[in-house]
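Asker: Provided below are the primary sequence and the corresponding predicted coordinates.
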Amino acid sequence: MTRGRAVEQAAAYVESGAFRADLARRVALRTESQDPGSLPVLHRYLTDEIAPALDRLGARSAIVENPVSGAGPFLIGHGHEDDSLPTVLVYGHGDVVLGQPERWRAGLSPWEIVVDGDRWYGRGTADNKGQHTLNLAALEQVRSARGGRLGFNLKVLVETGEEAGSPGLREMCAERADELAADLLLASDGPRLAAERPTVFLGSRGQVGFDLDLDLREGSYHSGNWGGLLRNPATVLANAIATLVDGRGVIQVPGLRAPSIPDAVRSALADISPGGGPDDPDIDGGWGEPGLTPAERVLGSNTLEVLTLFAGTPQAPVNAIPPTARAHCQLRFVVGTPWRELEQIVRKHLDAHGYPMVGVRVTSTMAATRLSPDDPWVQWALASIERTTGNAAAVLPNLGGSLPNDVFADVIGMPTVWVPHSYPACAQHGPDEHLLASLSREAARIMAGLFWDLGELGPTRPGRPGT
C-alpha cells in the first residue's frame, strides 16, 4: 500500500489498453449536446458509462434531470468514508460539440478511436471524455492500492450540456449546494500551457457577449445617387466601435478596462509564455494593452473583441448604401471588472461620443473566477505534482477562455484547482480532435498522486489545523 504503487497502476491503465477500450466505448456514443435529438444518448452516457465507474469506486449515484426543459441530465455521485475526512468534488462533462465528420481528414471519424503514433483521434478524446476517464481511473487505482478505501470523501458531478453553455447547471447547483459542498473542486478540462508542461489553473476569465446594431432606414439606396446625402450605417458603426477599442486592440472605455494585476498573479505569470507550439499562430507585436507581457495580456487583463461585423451583402456587393449594420462583440474579463453593468457602461460611452443611434444589447454572460496562487490548496497541489513528475507545474491564475467555474467557486463556494490533460494543438471543437497517449500516461500518474496525497491528509486541510 504505497503511493508509488498507485501511481504506477494508473500509468499501467493507459499502457495496457484498458484506457483505450474505455475511451473507445465513450467516444462511440454521439453525445452532441448541440443536437436537440441527443437527449437519449446523453442519458445513456451517464447510466451506461459513468454510473458503473462510480459503482467500482463504492460510490452511489443518481441521475438528476435538468431544470431547463430539453437540456441534458446530470449525474451526482457520493462516496462517503468519514465525516472527519476531507471531501473533494470531481467534475466532468460527457457531452461533445457536433462531430462534423465531413471536415475530418480521410481515414478519421469523430466516433471512432484512430491511433496515429502518439495521437489518438476522436471527438471527446481531449474534451472531455478522455480527461474525466483518466480521473475516474486514477481514483479506482488509488482505492485499489489502499485496499478498498480512498482516505477521503468523494463527490462526483458529471453534466451533459457544457458544450451548449451548461444550461441548468447554475440552478441545479444552487438548489443542491449543500449536497455538492466540498473542501475542494479537483477537475480537469481545457489544455495545458504546453504538452510537455504539467499545468494547474485556478479559474477562468469571464465573458460578456453583446450586439451593436444600427437600423437607419428601409431598403438600400444607390451609392452614386445618394452617397454623401445618406448616413452609411456601416461607416457609423465602424467608427462607434473604434471608440470602444482602438486599432491596436486597446480598450478605450475606462469601465471595461481590467483592474491592476495582483502581485501574486503577476508573480505566477512571470514564467508563462503563451504560444510557441508548432500549430500556434505568431503573436502580433504592438497589439493589446501596452506595458504588459503576453501572458499578462491574455491571462491577467481584459480584451474586447469584434467577432462579427456585417452590413450589406458581403458575398455579392452591390452599388448601394445598406440600411443596417450589425456587430457582435465580446469582452473577456478578469475578476474585479464591473461586467454586470456592461450594457449601461457602453450605452453611456456611445452617447457621450455622439452615437446614440447605435443600439446595445447583452446576449450572454459568464462570471470571472480566480483563486489566488498563494492559496494553501494550490501549494498542496503543486507539491504533489512535482513529487510525481519531478517538474514544477505552470500555474495559471485563470484561463484566458471561460468555463462554468463560477458555479463551483461562487454558487457552491469552494476553492477550485483544475489540472488539464489536453494541450493547445489538440483541435478541441474542430475536426481531427485528439489526445496524446504520452500526455495521458503522465496525467494518469499525476491524478493518482493527487488523490493519494488527498487521502494522506486525514482530518487536516491545507491552511487550517485538523479537528
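Answerer: All right, it came through fine. Numbering: from 1, shown residues only.
Asker: so where's the stretch 351-467 of the chain shaky on pLDDT?
Answerer: Scanning the stretch 351-467 of the chain for pLDDT under 70 picks out the ranges 464-467.
Asker: show me what contacts the residue lying closest to residue 230 once chain neighbours are set aside?
Answerer: Using CB to CB, 6 or more residues apart in numbering and skipping the chain neighbours, the partner closest in space to residue 230 is residue 321 (5.4 Å). Using the backbone N, CA and C atoms, a C-beta is placed for each residue, glycine as well. The contact partners of residue 321, by CB atoms under 8 Å, 6 or more residues apart in numbering, come to 220-223, 226-227, 230, 232.
Asker: Just among these, which is most surrounded?
Answerer: Most neighbours among those, by other CB atoms under 10 Å: residue 232, with 20 neighbours.
Asker: Just the CA atoms from the longest helix that the chain contains would do, formatted as PDB, please.
Answerer: Longest helix of the chain, by residue count under DSSP state H: helix 437-455. Output of helix 437-455 as PDB, limited to C-alpha atoms (Å, rounded to 0.1, in the frame of the first residue of the first chain):
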ATOM      1  CA  ALA A 437      -1.000   9.000 -25.300                       C
ATOM      2  CA  SER A 438       2.200  10.100 -23.700                       C
ATOM      3  CA  LEU A 439       0.500  13.100 -22.000                       C
ATOM      4  CA  SER A 440      -2.300  10.800 -20.900                       C
ATOM      5  CA  ARG A 441       0.100   8.400 -19.200                       C
ATOM      6  CA  GLU A 442       1.600  11.300 -17.300                       C
ATOM      7  CA  ALA A 443      -1.900  12.700 -16.500                       C
ATOM      8  CA  ALA A 444      -2.900   9.400 -15.000                       C
ATOM      9  CA  ARG A 445       0.200   9.400 -12.800                       C
ATOM     10  CA  ILE A 446      -0.400  13.000 -11.700                       C
ATOM     11  CA  MET A 447      -4.000  12.400 -10.700                       C
ATOM     12  CA  ALA A 448      -3.200   9.200  -8.900                       C
ATOM     13  CA  GLY A 449      -0.600  11.100  -6.900                       C
ATOM     14  CA  LEU A 450      -3.000  13.900  -6.100                       C
ATOM     15  CA  PHE A 451      -5.800  11.500  -5.000                       C
ATOM     16  CA  TRP A 452      -3.300   9.500  -2.900                       C
ATOM     17  CA  ASP A 453      -2.000  12.700  -1.200                       C
ATOM     18  CA  LEU A 454      -5.500  13.800  -0.500                       C
ATOM     19  CA  GLY A 455      -6.100  10.500   1.300                       C
END
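Asker: and the contacts of residue 321, which of them are in strands?
Answerer: Per DSSP state E, strands hold the following members of those: 221-222.
Asker: which parts of the longest helix of the chain are buried?
Answerer: In terms of neighbour count (16 or more other CB atoms under 10 Å), helix 437-455 has its buried residues at 437, 439-455.
Asker: Give me the helices and strands touching it, please.
Answerer: Where contact means 3 or more CB pairs under 8 Å, 6 or more residues apart in numbering; DSSP states H and E, helix 437-455 is packed against helix 3-15, strand 119-121, helix 129-145, helix 376-389.
Asker: Save those as a markdown table, and put in mean neighbour count and distance to residue 173 too.
Answerer: Shown next, in a markdown table, are those (neighbours: other CB atoms under 10 Å; distance: least, CB to CB, whole Å):
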| stretch | mean neighbour count | distance to residue 173 |
| --- | --- | --- |
| helix 3-15 | 19 | 29 |
| strand 119-121 | 22 | 32 |
| helix 129-145 | 25 | 17 |
| helix 376-389 | 19 | 20 |
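Asker: Please convert those to JSON lines, extending it with distance to residue 76.
Answerer: As requested, the helices and strands packed on helix 437-455 are exported to JSON lines (distance: least, CB to CB, whole Å):
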{"stretch": "helix 3-15", "distance to residue 76": "24"}
{"stretch": "strand 119-121", "distance to residue 76": "29"}
{"stretch": "helix 129-145", "distance to residue 76": "14"}
{"stretch": "helix 376-389", "distance to residue 76": "22"}
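Asker: show me what contacts the residue lying closest to residue 322 once chain neighbours are set aside?
Answerer: Leaving aside its chain neighbours, residue 322 sits nearest to residue 312 (4.0 Å; criterion: CB to CB, 6+ apart). Under the criterion of CB under 8 Å, 6+ apart, the neighbours of residue 312 are 220, 234, 318, 320, 322.
Asker: Give me the three-state assignment for the second one.
Answerer: The one in question is residue 234. helix (DSSP: H, G, I helix; E, B strand; the rest coil).
Asker: what ranges do the helices span in the stretch 51-200 of the chain?
Answerer: Ranges of helices in the stretch 51-200 of the chain, per DSSP state H, counting those that start in this stretch, are 51-55, 129-145, 169-175, 177-180.
Asker: Residue 202 is nearest to which of the ones you listed?
Answerer: helix 129-145 (17.0 Å; CB to CB).
Asker: helices and strands around the closest one, which ones?
Answerer: Helix 129-145 packs on helix 3-15, helix 18-28, helix 51-55, strand 87-93, strand 153-159, helix 437-455, going by 3+ CB pairs under 8 Å, 6+ apart.
Asker: got a markdown table for the ones you listed, with distance to residue 74 too?
Answerer: Output for the helices and strands packed on helix 129-145, formatted as a markdown table (distance: least, CB to CB, whole Å):
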| stretch | distance to residue 74 |
| --- | --- |
| helix 3-15 | 26 |
| helix 18-28 | 17 |
| helix 51-55 | 12 |
| strand 87-93 | 10 |
| strand 153-159 | 5 |
| helix 437-455 | 22 |
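Asker: backbone phi and psi for the residue nearest to residue 230, please?
Answerer: The phi/psi pair for residue 321 (degrees, to the nearest 10) reads phi -80, psi 120.
Asker: quick one: furthest residue from the center of this structure?
Answerer: residue 225 (51.2 Å; CA atoms, centre = their mean).
Asker: Can you give me the pLDDT of that one?
Answerer: pLDDT recorded at residue 225 is 95.
Asker: Kindly report the same for residue 275.
Answerer: Predicted confidence (pLDDT) for residue 275: 82.
Asker: contacting residues around it?
Answerer: 281-283, 294.
Asker: Scan the residues you listed and report the most crowded one.
Answerer: In the contacts of residue 275, the most neighbours by other CB under 10 Å go to residue 294, 17 neighbours.
Asker: Once you drop chain neighbours, what's closest to that one?
Answerer: Nearest non-adjacent residue to residue 294 (CB to CB, 6+ apart): residue 274, at 5.2 Å.
Asker: sec struct for the one you found, please.
Answerer: Three-state call for residue 274 (three-state DSSP): coil.
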